[in-house]
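>>> could you work out the structure for the sequence below:
(one chain, ligands or ions: 1)
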Amino acid sequence: MTATAHLQAGPARASEIEARIGELLARMSLDQKIGQMTQPERAHISPAEVKAYHIGSVLSGGGSCPGDNRPADWVAMNDAYWAASMEEDEDHLAIPLLYGVDAIHGNGNVRGATIFPHNIGLGAMRDPDLIERIGRVTAREVLATGVDWTFAPTLAVARDPRWGRTYESYSEDPALVAEYADRIVRGLQGARNGTGPDRPGRGGVIACAKHWVGDGGTLAGVDQGDTVAAEEELRRLHIAPYLPALDAGVLTVMVSLSSWNGEKCHAHRYLIQEVLKRELGLRGFVVSDWNGIDPLAEDYAEAAAMAVNAGIDMFMVPETWRDFIGGLKQRVEWGVVPMQRIDDAVTRILRVKFAAGLFDRPRPWARRGANGSSFGSREHREVAREAVRKSLVLLKNEAGTLPLDRDARILVTGRNAHDRGAQCGGFTVEWQGVSGNDAIQGGTSVWEGIQARAPRAEHRTDGGADASPDDFDVAVVVIGERPYAEGLGDIREPGPVRPGANHVPAGPGALQPYGNTLELSALHPEDVATIQALSGRGIPVVTVLVSGRPLVVNPELAASAAFVAAWLPGSEGAGLADVLFGDHDFQGRLPRSWPAEMPSGEDPRRNGSVAGGASILFPIGHGLRTR
Ligand code: BGC
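Sure thing, here's the model as predicted:
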């Protein structure tokens, strides 16, 4: 079935929508059309400017939040933007503004949201039904903030774990990503009796499959790098998961900041216009990524023209939106960008707005579900906790160390034992995530989950320096990565990450990648030291690894009696205790191969191979049970 069939509730409604688009388009000036194609960032545009420039969409970059960052603050902000967009006079047409956020593991920007495991953990569950339920809960928590659009799902097939966005990918296996792709879209956008999506907005939001395409296949896992691959391989590994998403009626697609064989995706007419729109039949619209057009040409107007002509319809131009509007207008007037292309872009944007029912919806304040009490509710958190339970992968369990006995004397320690921020990882409250517990409201740390079950458990922040086997039967040591997002999570030689682009400053303030090795003992030597010290003293250690990807953990594994990969479990750390104490057994299976060594170099012949071509310690699919 085509995307169109799912996009519309029926042929009558489809032709009604097309008629309304035609009517509106005929009344729009060039300024109004270009405004629809423009998406500034909230910190850089006021409601009055939304009206003055006929803006079609506004977004929040990661961590960009109004007021006190409560749902009510978001609703108020959206209400003001929406009201400005809906004022009609001789110079302005009422077209509802579309607001976009990165609700990529729950509505993560917002204080008190239910935070789900990042996608890598969801991949370990192998549970498409739960994926759809997670989509539904996420949609409800997005709607609670008056927002209609999430930049999710990420359908990246991350091949090399050195990539800082590995955790956003369900799996290195395109089949597993494809198995989830339609279910997450249906969950987010809403499905009525299995016959197709409800109108997003009535229980659903608009989804956005990203990043088109090959984002997870770059050489050496460099963020925004180059995916060197024959077309057959690009289709088999990276395009394949988009097919079920389009079939489920995903309304929007975001372009990747990476290149394919040296050519930037943002200027790739063949990939966008020919493959995505013509061949695969996307009827909704294509949005650029953050400042994605900047590297296309020295001249910004030329860059804008190239991207429009390549088939991008809406432009994420957070700060430079005025230049974009001026530049694109000039190129249309010069005849470099044909008017049909502008009309096609605006038609697609309006089609999504109509199909999602935005024209029929009351102002954000008055919407059902806005500021709703289910935001961060117990019921929602239960779904996240179930996902945590199902995502844990048991890699080692010597002598039946697990499950733990509730009456045991348990030492709980390690950097991530009591750190909900670390559990949640990037894209939580801040773009790069946050450390510690203060910013993550609600939920439980791993320690809090254990504490609630085992009365004799004790948390120590000093690694259990003088703990002895006389005092403790077993230790749970929670280690791993600190939060990061995008290129700042890359593993590679030091050097600026995306200088000048995105949120990252150039020059002396340039930000660096996470590190230059996947070996945890080199990245965070205190972790292996803690494990070895405790096990050396005769206390069996259960290691829990909180990380956005498999790391090289050979010494940590060797010194542990049991070892659990917990990925980035999100706000509900109590899901760990559910499994550690045996109320539920482990059922997660590795969503990607686990490297035995640090992958080296950028050998293009290794491209397309898993784990950057490193030798494998545990294959994809591996995962032990305790019974
Ligand atoms: C990321 C996108 C994200 C966008 C908006 C970009 O840096 O690549 O995945 O949706 O920012 O926050």
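>>> which residue ranges form the strands in the stretch 251-400 of the chain?
252-255, 259-260, 263-264, 285-287, 315-316, 393-397 (DSSP state E, counting those that start in this stretch).
>>> looking at these, which is closest to F618?
For F618, the closest of the strands of the stretch 251-400 of the chain is strand 393-397, at 6.3 Å, according to Cβ to Cβ. Bear in mind the C-beta positions are built from the backbone N, C-alpha and C, glycine included.
>>> state the mean pLDDT of the next helix or strand after the closest one.
As assigned by DSSP states H and E, the chain's next helix or strand after strand 393-397 is strand 410-413. If you average the pLDDT over strand 410-413, you get 98.
>>> so how far is the helix or strand that strand 410-413 is followed by off the chain centroid?
Remark: after strand 410-413, the chain's next helix or strand is helix 420-424, criterion DSSP H and E. In terms of Cα atoms, centre = their mean, to the nearest Å, the centre of helix 420-424 is set 15 Å apart from its chain centre.
>>> which residues does the nearest residue to A305 once chain neighbours are set aside contact?
Excluding the flanking residues, the one nearest A305 by Cβ to Cβ, 6 or more residues apart in numbering is R331, at 4.0 Å. Residues counted as contacts of R331 (Cβ atoms under 8 Å, 6 or more residues apart in numbering) are 301-302, 304-305, 308, 337.
>>> would a markdown table of the strands of the stretch 251-400 of the chain with distance to the ligand be doable?
Output for those, formatted as a markdown table (distance: least, Cβ to the nearest ligand atom, whole Å):
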| stretch | distance to the ligand |
| --- | --- |
| strand 252-255 | 6 |
| strand 259-260 | 14 |
| strand 263-264 | 14 |
| strand 285-287 | 9 |
| strand 315-316 | 7 |
| strand 393-397 | 26 |
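>>> can you tell me how far P619 sits from V610?
Per Cβ to Cβ, to the nearest Å, P619 is found 9 Å from V610.
>>> ok, the two, which is more surrounded?
In this view P619 and V610 are compared by other Cβ atoms under 10 Å, and V610 has more residues nearby, 21 against 12.
>>> help me confirm that the more buried one comes into contact with L590.
No - applying Cβ atoms under 8 Å, one finds V610 not in contact with L590, separated by 10.9 Å.
>>> between those two, which contacts overlap?
I620.
>>> what ranges do the strands span in the stretch 501-627 of the chain?
541-546, 562-567, 594-595, 616-618.
>>> could I get the ones you listed as TSV with mean pLDDT?
Formatted as TSV, those follow (pLDDT from 0 to 100):
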stretch	mean pLDDT
strand 541-546	99
strand 562-567	99
strand 594-595	96
strand 616-618	97
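>>> need these in TSV with mean neighbour count, can you?
Output for the strands of the stretch 501-627 of the chain, formatted as TSV (neighbours: other Cβ atoms under 10 Å):
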stretch	mean neighbour count
strand 541-546	26
strand 562-567	27
strand 594-595	26
strand 616-618	18
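>>> and V222, which of those strands is closest to it?
So among the strands of the stretch 501-627 of the chain, strand 594-595 is nearest, using Cβ to Cβ, at 17.0 Å.
>>> strand partners of that closest one, parallel vs antiparallel please.
strand 616-618 (antiparallel) (DSSP bridges).
>>> so how far is the strand it pairs with off the chain centroid?
On Cα atoms, centre = their mean, the centre of strand 616-618 falls 26 Å from that of its chain.
>>> go on, stretch 29-48?
Using Cα atoms, centre = their mean, the offset of stretch 29-48 from its chain centre is 25 Å.
>>> mind listing what's buried in that stretch?
32-42, 44-45, 47 (16 or more other Cβ atoms under 10 Å).
>>> ditto for stretch 366-382
367, 369-372, 375-377, 380-381.
>>> kindly check the end-to-end length of that stretch for me.
Counting by Cα to Cα, to the nearest Å, you get 28 Å between the two ends of stretch 366-382.
>>> hmm, who's touching it?
Contacts of stretch 366-382 (Cβ under 8 Å, 6+ apart): 71-72, 75, 107, 110, 112-114, 137, 140-141, 143-146, 201, 203, 361, 364, 441-443, 571-572.
>>> now do the shared contacts for P619 and V610.
Joint contacts of P619 and V610 (Cβ under 8 Å, 6+ apart) are S593.
>>> helices - which of the contacts of R331 land there?
301-302, 304-305, 308 (DSSP state H).
>>> and which of those is nearest to the ligand?
Comparing the ones in helices among the contacts of R331 against the ligand with Cβ to the nearest ligand atom places A304 closest, at 18.1 Å.
>>> which residues sit in contact with that closest one?
Taking Cβ under 8 Å, 6+ apart, one finds 293, 315, 324, 327-328, 331 in contact with A304.
>>> find the closest residue to the ligand in the stretch 101-250 of the chain.
For the stretch 101-250 of the chain, Cβ to the nearest ligand atom, closest residue to the ligand: F151, 3.6 Å.
>>> just checking, that residue touches H211?
No - F151 is beyond contact range of H211, at 9.3 Å (criterion: Cβ under 8 Å).
>>> between the two, what contacts are shared?
By Cβ under 8 Å, 6+ apart, the residues touching both F151 and H211 are M254.
>>> tell me how far the residue in the chain sticking out farthest from the centre lies from R409.
Most distant residue from the mean C-alpha position of the chain: D470, 45.3 Å away (Cα atoms, centre = their mean). Separation of D470 from R409 (Cβ to Cβ): 10 Å.
>>> same deal with F151?
46 Å.
>>> let's check: the centremost residue of this protein is which one?
Central residue of the chain (Cα atoms, centre = their mean): I104, at 3.6 Å.
>>> what sits closest to E597 if chain neighbours are left out?
A614 (5.0 Å).
>>> neighbours around the one you found, how many?
What A614 shows, counting by other Cβ under 10 Å, is a neighbour count of 22.
>>> change the start of the numbering to 50 and stick with it
Noted, 50 is the first residue going forward, which turns the last one into A663.
>>> which among the contacts of A353 count as buried?
342, 364, 373, 376-377, 380.
>>> so which of the residues you listed sit within helices?
Per DSSP H, these map to helices at 373, 376-377, 380.
>>> interface residues of the stretch 50-199 of the chain facing the ligand?
110-111, 151 (Cβ under 6 Å from any ligand atom).
>>> who wins for neighbours among these?
D151 (25 neighbours).
>>> wait, doesn't that residue sit right on P202?
No - distance between D151 and P202: 11.2 Å, which falls outside the contact criterion (Cβ under 8 Å).
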